[in-house]
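S.K.: quick one: sequence plus predicted model below, questions after.
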Amino acid sequence: MRRPQPAVLVLADGEVFEGEAIGHLPDGGIAAGEVVFNTSLTGYQEIVTDPSYAGQIITFTCPHIGNYGVNPDDDESTSPACRGVIVRDLARRSSNWRATDDLDGFLRRHRVPGITGIDTRRLTRHIRESGSMPGAFGVSEEAALLDAARGEGGTEGRDLVSEVTTESPYTVGRADAAFYVVAYDFGIKASIVRHLNEAGCLVEVVPADTPSHEVIARAPDGVFLSNGPGDPRAVEGAFESVRSCSGCCRSSASAWVTR
């Protein structure tokens, strides 16, 4: 782990938090995005790799993060889509028999910036009271960070699904599964597909912009709509496709499942 380097987090409303840089050092020394918080006590790797956090900087309310390291089996996607992570205390050493790397190395490998030493209780209270807002952190001057935060604009009205959805369909599961499900990938997590497989489903994951007639032609037993990042109203064609697919399932249950 490299020598600690002072860093600063600045929110769009001018609030300032001091800490140290971890993970990837971004080009220009600044990482910007919508600052949100997550209250989970475990599962930091799954959270960082969750496509639903595209465009956002994740604040972990649990004070100690990184204790048990990371491993490839816990990834929810091939690479993180978040803009950065904020923690109170990054574990300098990780200990778990499944671990293949520590969190700092994972962030550097995936080019995810981070900042530690932040008073995350104060930050979380501020976000809870004022609402999620753009922010920027890094090793640059406070004035530059404030400009970057105010120029970020947040996630409202942005189609972030297009940044995380699969480029082409792919199938996961046993060919002789009891059910065949088409899953719209608006930011689907690997664990969702795995749970569907365990429930007896062969899952075909399709891009978010897949026309409804292509799904109907597949004659699935069910259609799954995944969760995802950004403003749902900005996802072009999604509402029309879902509406057109209604009733297309060949199962008598006509399964529609959403997250």
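M.R.: Now that the structure is in, tell me what you want to look at.
S.K.: now the helix or strand harbouring Ala31, how far from the chain's geometric center?
M.R.: If you go by DSSP states H and E, Ala31 is part of strand 30-38. For strand 30-38, the distance from its own C-alpha centre to the chain's C-alpha centre is 12 Å (CA atoms, centre = their mean, to the nearest Å).
S.K.: only the buried residues of the helix or strand following it, if you could.
M.R.: Next along the chain after strand 30-38, taking DSSP H and E as the criterion, comes helix 44-48. Neighbour counts over helix 44-48 (16 or more other CB atoms under 10 Å) mark 44-48 as buried. Where C-beta positions appear, they are placed from N, C-alpha and C, glycine not excepted.
S.K.: so what touches helix 44-48?
M.R.: With contact meaning CB atoms under 8 Å, 6 or more residues apart in numbering, helix 44-48 is reached by 38, 40, 53, 58, 60, 62, 65-66, 70-71, 74-76, 80, 82, 85, 103, 106-107, 112, 189, 191.
S.K.: each with direction, which strands does the helix or strand following it pair with?
M.R.: Per DSSP H and E, the first helix or strand lying C-terminal to helix 44-48 is strand 56-60. As defined by DSSP bridges, the strand partners of strand 56-60 come to strand 30-38 (parallel), strand 84-86 (parallel).
S.K.: quick one: mean pLDDT for the strand holding Ala31?
M.R.: Strand 30-38 carries an average pLDDT of 96.
S.K.: what's the answer for stretch 234-243, then?
M.R.: Average pLDDT, stretch 234-243: 74.
S.K.: same check on stretch 142-152?
M.R.: The average pLDDT within stretch 142-152 is 96.
S.K.: and the buried residues of helix 44-48 as TSV, adding pLDDT?
M.R.: Below are these laid out as TSV (pLDDT from 0 to 100):
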residue	pLDDT
Tyr44	98
Gln45	98
Glu46	98
Ile47	98
Val48	98
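S.K.: got the confidence number for the nearest residue to Ala190 once chain neighbours are set aside?
M.R.: When the adjacent residues along the chain are set aside, Ala190 lies closest to Glu76, with 5.1 Å between them (CB to CB, 6 or more residues apart in numbering). We have a pLDDT of 97 for Glu76.
S.K.: also Ala255?
M.R.: pLDDT recorded at Ala255 is 46.
S.K.: what about Ala217, distance to Pro4?
M.R.: Applying CB to CB, to the nearest Å, the value for Ala217 to Pro4 is 57 Å.
S.K.: just Gly84 next, same as before
M.R.: To Pro4, Gly84 is 17 Å away according to CB to CB.
S.K.: ok, these two, which is more surrounded?
M.R.: Between Gly84 and Pro4, counting by other CB atoms under 10 Å, Gly84 is the more crowded of the two (29 against 12).
S.K.: hmm, back to that, among the contacts of helix 44-48, which are located in helices?
M.R.: If you go by DSSP state H, the contacts of helix 44-48 have 103, 106-107, 191 in helices.
S.K.: before we move on, back to that, which of the strands paired with strand 56-60 sits most buried?
M.R.: Compared across the strands paired with strand 56-60, strand 84-86 shows the largest average neighbour count, a mean of 29 (mean count of other CB atoms under 10 Å).
S.K.: tell me the helix or strand right after it.
M.R.: Next in sequence after strand 84-86, counting helices and strands by DSSP H and E, comes strand 89-90.
S.K.: which stretches of the stretch 151-259 of the chain form helices?
M.R.: Shown for the stretch 151-259 of the chain, the helices assigned by DSSP state H, counting those that start in this stretch span residues 161-164, 190-198, 212-217, 238-245.
S.K.: avg pLDDT for the shortest one?
M.R.: Per-region confidence: helix 161-164 scores 94 on mean pLDDT.
S.K.: in it, what counts as buried?
M.R.: Neighbour-count burial for helix 161-164, counted by 16+ other CB under 10 Å, picks out 161-162, 164.
S.K.: ok, stretch 178-194 next?
M.R.: Result for stretch 178-194 [16+ other CB under 10 Å]: buried residues 179-190, 192-193.
S.K.: quick one, strands of this protein?
M.R.: Taking DSSP state E to define them, one finds strands in the chain at 5-11, 16-23, 30-38, 56-60, 64-65, 84-86, 89-90, 113-116, 133-138, 170-172, 179-185, 201-207, 222-225, 255-258.
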